[in-house]
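*Asks:* using only what follows, build the 3D model:
(chains A, B, C, D, E and F)
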There are 4 protein chains.
Amino acid sequence: MIIQLDMQSDVPIYTQLMNQIIEGIARGDLKLGEALPSVRGLASDIGVNLHTVNKAYNLLKQEGFIQIHRQKGVVIQPDAMPLVTPEYELKQHNQLRPIIAEAICRGMTKEQLLQVTEQIHKEIMHNEKGNA
Amino acid sequence: MIIQLDMQSDVPIYTQLMNQIIEGIARGDLKLGEALPSVRGLASDIGVNLHTVNKAYNLLKQEGFIQIHRQKGVVIQPDAMPLVTPEYELKQHNQLRPIIAEAICRGMTKEQLLQVTEQIHKEIMHNEKGNA
Amino acid sequence: MIIQLDMQSDVPIYTQLMNQIIEGIARGDLKLGEALPSVRGLASDIGVNLHTVNKAYNLLKQEGFIQIHRQKGVVIQPDAMPLVTPEYELKQHNQLRPIIAEAICRGMTKEQLLQVTEQIHKEIMHNEKGNA
Amino acid sequence: MIIQLDMQSDVPIYTQLMNQIIEGIARGDLKLGEALPSVRGLASDIGVNLHTVNKAYNLLKQEGFIQIHRQKGVVIQPDAMPLVTPEYELKQHNQLRPIIAEAICRGMTKEQLLQVTEQIHKEIMHNEKGNA
DNA sequence: GTGGTCTAGACCACT
DNA sequence: GTGGTCTAGACCACT
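*Replies:* Residues are numbered from 1 along each chain as shown, chains lettered A, B, ... in the order given. Next up is the predicted model:
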């Protein structure tokens, strides 16, 4: 999978990394149980410090997206993705709310908003290679 | 309008302030041309640093949501809200994408995602006092 | 509160730090809502790197023992300590089991084991200064 | 005796192995003088590295739980288990202390703590096949 | 070779 | 002044 980072962005690199990996899973580029590059391997590939990759991996592990084995390395969670918990619903709500509020201010209709959402959903699922 | 801040959150206070004001406009609590409290007034009202309110106001001005006059003070943009520019569309896209990707990972269907979006849209518009 | 670290121990420093703070709360030396030293302050006080303190603080925050405010600094969770969750019970069980098994091997009776437990409990609660 | 390893756990495998064998002795599944599988045999049985089994066996030997003979192979210490030495008491104390401190923080009473200890003791002794 | 821990040091965001 | 992020580099534990 190709990781694309924007070093100018004010989104922390480790967050961008997490997002890229999560999207990789969503679109099926990364299959459940599939191996990810080692911390040092990925770090040197994308030209960032090992600790930055480590932080991203550890947070993904905490949230249940990946497993880290001390010797075998890192794999996408083989059993099942984390589910929609109440905590997640709250987090998602808090993330979406200001985005939707701004859209309303700027005159987007509900229909336009839903269309954008659907469009992004399609973009992600489009290259989908089938993730169980 | 009542400002609700979460001092525990890791969302910067100035960002929360911006979000609250933008949502206030979206729901019609804040009308076009309406006066906002002075920097000092708001800061002491909600118990935050002067610089924090200042930063929020300045960013809102930059984005075109408010006007700041030396004499008249701060008012919601009287003429018209900023519109849906290509830059805004890009920003919105970049904000929504990782949220939608995570939702897909966790097994939310497109329909559930649209429902959540519609639900939040309704929440914001509900207390609407008419600025459509 | 005095922090005592054993630099020779194979228990990671950040874990020792966590343990010391948790025991400080247990014995009432650290009251709910009380301020803890800043990351850098504590690091220089006890002669370890800032990142080591940071890791301990962040894990304690994750588990709900402390709150971290970006500017105000670090405080013991003011509202209430984390409770006995099923996850915690499992963790505790897994920690205690091998300890108890070894004690049995070495010929300790159940009574002796309970006595040791009670003794340590008393040691911790002894200097207790009253924690709500 | 059945060895149960958790490859996901961050407890090192050699430690898990040691714990399982010690618990096997505690519960009487492994009798004094009883033969243990060879390093190679056990390693291939449970699918772990030779060195891992070796490390576990060597540490168990150091602590006096097993004997390793060039010819006869590995046996549970035939004469008597290691006893409660001052060093062991110190180690046990250091292991139990942070566990008990956290339990106190989370609001467990002394009685609940003793109950958990007793419960685990019973779990281990229950399948006991007599080596009291 | 893998991740884990720790250090030293820098710059940034926030208030 | 506070914590957050990132780098460069080292040694260790585990297999």
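
*Asks:* helices of chain A, start to end?
*Replies:* A:13-26, A:39-46, A:50-63, A:86-105, A:110-126 (DSSP state H).

*Asks:* and of the ones you listed, who's closest to B:Glu23?
*Replies:* helix A:86-105 (4.0 Å; C-beta to C-beta). (Each C-beta comes from the backbone N, C-alpha and C, glycine too.)

*Asks:* tell me the angle of the closest one relative to helix B:13-27?
*Replies:* 60 degrees (axes from the mean of the first three to the mean of the last three C-alpha atoms, to 10 degrees).

*Asks:* what's helix A:86-105 packed up against?
*Replies:* When contacts are defined as 3 or more C-beta pairs under 8 Å, 6 or more residues apart in numbering or on different chains; DSSP states H and E, helix A:86-105 packs onto helix A:110-126, helix B:13-27, helix B:86-105, helix B:110-126.

*Asks:* what about the third one, distance to the chain center?
*Replies:* In terms of C-alpha atoms, centre = their mean, to the nearest Å, the gap separating the centre of helix B:86-105 from the centre of its chain is 17 Å.

*Asks:* so for it, mean pLDDT?
*Replies:* In this model, helix B:86-105 carries a mean pLDDT of 96.

*Asks:* any buried residues in that helix, and which?
*Replies:* Applying a neighbour-count criterion of 16 or more other C-beta atoms under 10 Å in any protein chain shown, one finds B:88, B:92, B:95-105 buried in helix B:86-105.

*Asks:* ditto for the shortest one
*Replies:* Along helix B:13-27, these residues count as buried under the neighbour rule (16+ other C-beta under 10 Å): B:13-14, B:16-27.

*Asks:* which one of these is nearest chain C?
*Replies:* B:Ile13 (9.2 Å; C-beta to the nearest C-beta).

*Asks:* does that closest one touch B:Met7 like I think?
*Replies:* Yes - taking contacts as C-beta atoms under 8 Å, B:Ile13 lies within contact range of B:Met7: 7.5 Å.

*Asks:* let me see the domain layout of chain A.
*Replies:* A:13-76, A:86-126 (automatic domain parsing).

*Asks:* circling back: please convert the buried residues of helix B:86-105 to TSV, extending it with distance to A:Asn49.
*Replies:* Listed next are these as TSV, based on distance: C-beta to C-beta, whole Å:
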residue	distance to A:Asn49
B:Tyr88	33
B:Gln92	31
B:Gln95	26
B:Leu96	29
B:Arg97	25
B:Pro98	22
B:Ile99	27
B:Ile100	29
B:Ala101	25
B:Glu102	25
B:Ala103	30
B:Ile104	30
B:Cys105	26
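
*Asks:* and DNA strand F, which of those residues reach it?
*Replies:* For DNA strand F, no contacts are drawn from the buried residues of helix B:86-105 by C-beta under 7 Å from any atom of the strand.

*Asks:* which single one of these is nearest to DNA strand F?
*Replies:* Proximity of these to DNA strand F was ranked by C-beta to the nearest atom of the strand; the top entry is B:Pro98 with 14.8 Å.

*Asks:* quick one: contacts for the residue lying closest to that closest one once chain neighbours are set aside?
*Replies:* The shortest distance from B:Pro98 to any non-neighbouring residue, by C-beta to C-beta, 6 or more residues apart in numbering or on different chains, is to A:Asn19 (4.0 Å). Applying C-beta atoms under 8 Å, 6 or more residues apart in numbering or on different chains, we find A:Asn19 in contact with A:11, B:97-98, B:101.

*Asks:* would you mind measuring from A:Asn19 to A:His51?
*Replies:* 18 Å (C-beta to C-beta, to the nearest Å).

*Asks:* so out of everything in chain A, what residue is nearest DNA strand E?
*Replies:* Proximity of chain A to DNA strand E (C-beta to the nearest atom of the strand) peaks at A:Ser38, 3.2 Å away.

*Asks:* correct me, but that residue touches A:Gln71?
*Replies:* No - if you go by C-beta under 8 Å, A:Ser38 and A:Gln71 don't touch, sitting 10.6 Å apart.

*Asks:* so between those two, which is more surrounded?
*Replies:* A:Ser38 (15 against 8; other C-beta atoms under 10 Å in any protein chain shown).

*Asks:* give me the pLDDT for the more buried one.
*Replies:* 95.

*Asks:* quick check: phi and psi on it?
*Replies:* phi -70, psi 160 (degrees, to the nearest 10).

*Asks:* what is the burial count for the residue nearest to A:Val53 when sequence neighbours are not counted?
*Replies:* Distance criterion C-beta to C-beta, 6+ apart; nearest residue to A:Val53, sequence neighbours excluded, is A:Ala43 at 4.5 Å. Number of residues near A:Ala43 (other C-beta under 10 Å) recorded here: 17.

*Asks:* look up how far A:Tyr57 lies from A:Ala43.
*Replies:* 10 Å.

*Asks:* list the contacts for the residue of chain A most remote from its centre?
*Replies:* Residue farthest from the centre of chain A, counting by C-alpha atoms, centre = their mean, is A:Gly107 at 29.2 Å. Counting by C-beta under 8 Å, 6+ apart, A:Gly107 touches B:81, B:83-84.

*Asks:* and chain A, which of its residues are near DNA strand E?
*Replies:* Counting by C-beta under 7 Å from any atom of the strand, the residues of chain A lying close to DNA strand E are A:10, A:38-41, A:50-51, A:54, A:57-58, A:68-71, A:73-74.

*Asks:* chain C: which of those is nearest?
*Replies:* Of the residues of chain A next to DNA strand E, the one sitting nearest to chain C (C-beta to the nearest C-beta) turns out to be A:His51, at 8.9 Å.

*Asks:* point out the residues in chain A that sit beside chain D.
*Replies:* A:67, A:69-70 (C-beta under 8 Å from any C-beta of the partner chain).

*Asks:* point out the least confident one among these.
*Replies:* Within the residues of chain A next to chain D, pLDDT is lowest for A:Arg70, at 81.

*Asks:* for that residue, which non-adjacent residue is closest in space?
*Replies:* The nearest residue in space to A:Arg70 (C-beta to C-beta, 6+ apart) is D:Asp10, at 7.3 Å.

*Asks:* from D:Val53, how far out is that neighbour?
*Replies:* Counting by C-beta to C-beta, the gap from D:Asp10 to D:Val53 is 19 Å.
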